[in-house]
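J.: could you work out the structure for the sequence below:
(one chain, ligands or ions: 3)
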Amino acid sequence: MPWSNRKSALIAAAAALLIANAGPAPADAPPEIDPLSRECIGCHDGAAGPDVRVNLRNNASNKTMHVHSFDGEHPIGMIYQSYVAKQGYKPISPQERNMIMVNGAVGCLTCHDPLNPAKGHLIKSDKNSALCITCHDK
Ligand code: HEC
Ligand code: HEC
Ligand code: HEC
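T.: Ligands and ions are numbered 1, 2, ... in the order given. Alright, predicted model coming up:
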């Protein structure tokens, strides 16, 4: 995929962020791949871009509590407020304006900003797990 096509796809994804503030889906509904994440996954299939396995979750009552390691494949689909309402997750500060959730759900754009040229295209540095502890208590 030429860089110019890739870039316009990313910009289209960024423009689609305008839909990101619709109301949250109900807690513990079956997880879905939101349309922006779908766009990322469409390329990250191992052919057009590096492969990413998708791990869909949304059940705050049956969550994994501790963060030990990260292999680049974080679950998506969680309605974040329902996790905050239980234990182990913090409310997101209003300063985290780059942290996009689609209808309240964690997706690729929650952690990645494709327009950030830095390694990993993260929404913010993960130095000392800064990105992780925006959400995880520990
Ligand atoms: C048009 C195809 C395409 C789309 C759409 C796309 N990517 Fe990529 N992505 C690539 C390719 C190809 C690479 C590897 C080359 C590179 O790093 O530029 C890549 C690399 C990456 C990397 C690794 C960069 C690094 O520093 O190792 C991340 C992270 C990433 N993409 C995230 C995303 C996210 C999140 C989305 C959705 C918003 C997305 N991509 C959408 C094609 C795409
Ligand atoms: C909870 C945060 C988070 C979510 C959600 C997330 N990622 Fe990542 N991702 C990361 C971090 C952190 C890295 C490591 C970045 C670095 O330092 O290179 C990473 C690495 C990557 C890479 C680089 C290659 C690799 O496997 O290491 C790609 C590609 C990628 N993510 C794509 C995606 C896509 C596509 C989605 C949505 C299905 C997604 N990510 C969801 C945090 C996340
Ligand atoms: C937007 C908030 C958010 C951010 C940022 C975030 N996480 Fe998570 N993470 C979650 C939620 C919510 C879950 C619970 C998923 C479940 O088990 O239902 C989770 C689950 C996990 C799990 C369990 C995965 C499994 O397969 O059981 C690990 C490990 C993890 N996160 C590591 C990280 C790391 C490392 C980072 C930083 C790179 C990070 N997370 C950033 C919200 C976040």
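
J.: could you see whether ligand 3 lies near stretch 125-134?
T.: Yes: Stretch 125-134 reaches ligand 3 (Cβ under 6 Å from any ligand atom) through Asp126, Ser129, Leu131, Cys132, Thr134. Just so you know, the C-beta spots here come from the backbone N, C-alpha and C atoms, and that holds for glycine as well.

J.: now do stretch 97-114
T.: Yes: on the criterion Cβ under 6 Å from any ligand atom, stretch 97-114 is in touch with ligand 3 at Val106, Thr110, Cys111.

J.: output the residues you listed in TSV; the columns should cover pLDDT, distance to Gln87 and secondary structure.
T.: Below are the residues of stretch 97-114 next to ligand 3 laid out as TSV (pLDDT from 0 to 100; distance: Cβ to Cβ, whole Å; DSSP: H, G, I helix; E, B strand; the rest coil):
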residue	pLDDT	distance to Gln87	secondary structure
Val106	94	17	coil
Thr110	95	20	helix
Cys111	93	22	helix
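
J.: relative to ligand 2, which of the residues of stretch 125-134 next to ligand 3 is nearest.
T.: Each of those was scored against ligand 2 by Cβ to the nearest ligand atom, and Asp126 proved nearest at 5.0 Å.

J.: and the closest residue to that closest one other than its chain neighbours, how far from ligand 1?
T.: Closest residue in space to Asp126, ignoring its immediate chain neighbours: Cys132 at 6.8 Å, by Cβ to Cβ, 6 or more residues apart in numbering. Going from Cys132 to ligand 1 by Cβ to the nearest ligand atom, to the nearest Å gives 15 Å.
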